[in-house]
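1. based on what follows, work out the 3D shape:
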Amino acid sequence: MKTQRMDQLIGAHPFFEHLSQAVSEIVSGCGENQVFEPGEYLAREGQAADHFFLLRSGRVSLEVSVPGKGALIVETIETGDVLGWSWLVERYRWVFDARAVEPVRAIALDGRCLREKLGHNPALANELYSRFVRVLADRLTGARMRLMDMYSAPDDTSSDVP
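-> I've put the predicted structure just below:
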């Protein structure tokens, strides 16, 4: 069986669609394959955000701890998604827990390694920042829609009032 190189795996992931070979090779130097079993945490809120993950298979729940209620699932991400932007924001701390819902295969990309490369390569920085801005925009839009669903009152215009 032929083993794919890391740059090929990264280039095949939807997050890095249309990534140039040169950029893929730079990024791949910071990557490694990882496997997580159901219930295992990929990240914990407040801990150092030293990585982000390209999900190759599986599902991960993003959770916040609610005092007296336990974990509240904010979002579930799955195969083809990217997990983690906190490695880009100074303080570099996770803002959610990320827990495997089912077996997960992921490429973990080392945030420190990439931040160093971003500082020396403006084209790489532009490429990664523009891709993460889209992820953030999509996640914020999704959060807004979930909040609207949670807090919108049912439409009572069809009541029994004559």
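2. and the strands in this protein?
-> 31-36, 41-43, 51-57, 59-66, 70-78, 82-83, 97-100, 104-110 (DSSP state E).
3. and the ones you listed as a markdown table, adding distance to residue 16?
-> In this view, the C-beta of every residue, glycine as well, is placed from N, C-alpha and C. Output for the strands of the chain, formatted as a markdown table (distance: least, C-beta to C-beta, whole Å):
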| stretch | distance to residue 16 |
| --- | --- |
| strand 31-36 | 11 |
| strand 41-43 | 19 |
| strand 51-57 | 7 |
| strand 59-66 | 18 |
| strand 70-78 | 16 |
| strand 82-83 | 9 |
| strand 97-100 | 20 |
| strand 104-110 | 10 |
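4. save those strands as TSV, and put in mean neighbour count and mean pLDDT too.
-> Below are these laid out as TSV (neighbours: other C-beta atoms under 10 Å; pLDDT from 0 to 100):
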stretch	mean neighbour count	mean pLDDT
strand 31-36	16	97
strand 41-43	20	98
strand 51-57	22	97
strand 59-66	17	92
strand 70-78	13	90
strand 82-83	21	95
strand 97-100	21	97
strand 104-110	22	97
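5. which of those strands sits closest to residue 131?
-> Smallest distance to residue 131 across the strands of the chain (C-beta to C-beta): 8.1 Å, for strand 82-83.
6. from the middle of its chain, how far away would the closest one be?
-> 2 Å (C-alpha atoms, centre = their mean, to the nearest Å).
7. residue 56 is in contact with residue 107, isn't it?
-> Yes. Using C-beta atoms under 8 Å, residue 56 is in contact with residue 107, at 6.5 Å.
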